[in-house]
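> Return a 3D structure for these sequence lines:
(one chain, ligands or ions: 1)
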Amino acid sequence: MSGEIIETTGASNGIREMLSNAGYSDKAIQYYIEKPYMGVLPDADQVSEMTGTCGDTMAVYLKVTHGKVADVMYQVMGCAGAVSAAMAAVDLVKGKKIEDARDLEDGDIFRVLQDIPVQKHHCIQLAVKALHKTIDAYQQSQNPISKTQSSNDATK
Ligand code: FES
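Predicted coordinates for the structure are as follows:
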């Protein structure tokens with residue numbers, strides 16, 4: 001795992017300063033410190049994992065109700081950029097139709113986070129690809145005929 005920051009009690013101001021100096025926006029830092037969607041969903045309809053080129057891994061827990069994203073949680077074994085990107089992704093897709101959630105792109109997360117270090121942009125891609133993989137797997141489980149098409153899309 002690369003670059004993970006271990007937070008200790010009372011140290012959040014120091015972490016804020018470190019991340020700010022490294023080029024993270026206040027919004028990205030807030031997501032990293034609060035981690036509002038970090039954890040597991042015991043009643044998830046789909047769970048998928050993805051490992052990035054950096055070796056870090058994300059698991060995505062997806063709950064779908066009436067064709068909409070009812071809930072999403074991420075488990076992130078990765079850096080501050082990965083955590084903030086994953087948390088932003090959840091805010092962007094929660095409540096959306098599953099097809100619309102699948103349209104999430106890296107640029108959508110960039111716009112929410114406003115600024116993260118340029119060398120962390122691949123962490124955003126990992127958060128998006130992990131979500132796409134989870135949605136594809138969910139859709140395949142609902143409609144096995146589209147399996148080949150969706151698998152191809154997931155590798156893009
Ligand atoms: Fe691996 Fe950020 S460095 S996800």
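> Please make it C-alpha for all contacts and neighbour counts, starting now.
OK.
> where does this protein come near the ligand, residue by residue?
Within reach of the ligand by Cα under 6 Å from any ligand atom, the chain has these residues: 2, 54, 56, 78-79, 81-82, 120, 123.
> can those go into TSV with extra columns for neighbour count, secondary structure and pLDDT?
Formatted as TSV, these follow (neighbours: other Cα atoms under 10 Å; DSSP: H, G, I helix; E, B strand; the rest coil; pLDDT from 0 to 100):
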residue	neighbour count	secondary structure	pLDDT
2	11	coil	48
54	12	coil	95
56	19	coil	97
78	21	coil	94
79	19	coil	95
81	26	helix	97
82	25	helix	97
120	16	helix	92
123	25	helix	97
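> List the residues that contact the residue most central in space within the chain.
Taking Cα atoms, centre = their mean, the centroid of the chain lies closest to residue 86, which sits 2.4 Å from it. By Cα atoms under 8 Å, 6 or more residues apart in numbering, the contact list for residue 86 reads 74, 76, 124, 127-128.
> Adding distance to residue 97, write the residues of the chain next to the ligand out as a markdown table.
As requested, the residues of the chain next to the ligand are arranged in a markdown table below (distance: Cα to Cα, whole Å):
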| residue | distance to residue 97 |
| --- | --- |
| 2 | 34 |
| 54 | 31 |
| 56 | 29 |
| 78 | 28 |
| 79 | 29 |
| 81 | 26 |
| 82 | 24 |
| 120 | 29 |
| 123 | 25 |
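> Okay, strands next: where are they in this structure?
46-51, 57-65, 68-77 (DSSP state E).
> From residue 45, how far out is the residue nearest to the centre of the chain?
According to Cα to Cα, to the nearest Å, residue 86 and residue 45 sit 19 Å apart.
> Next: residue 97.
15 Å.
> next one: residue 28
28 Å.
> the more surrounded of the two?
Using other Cα atoms under 10 Å as the criterion, residue 28 and residue 45 rank with residue 28 on top: 26 against 16.
> quick one: pLDDT of the more buried one?
Reading off the confidence values, residue 28 has pLDDT 97.
> same thing with residue 149?
pLDDT for residue 149: 51.
> With the one 5 residues further on instead?
pLDDT, residue 154: 45.
> Residue 10 now?
Checking the pLDDT column for residue 10, the value is 58.
> Thanks a lot, catch you later.
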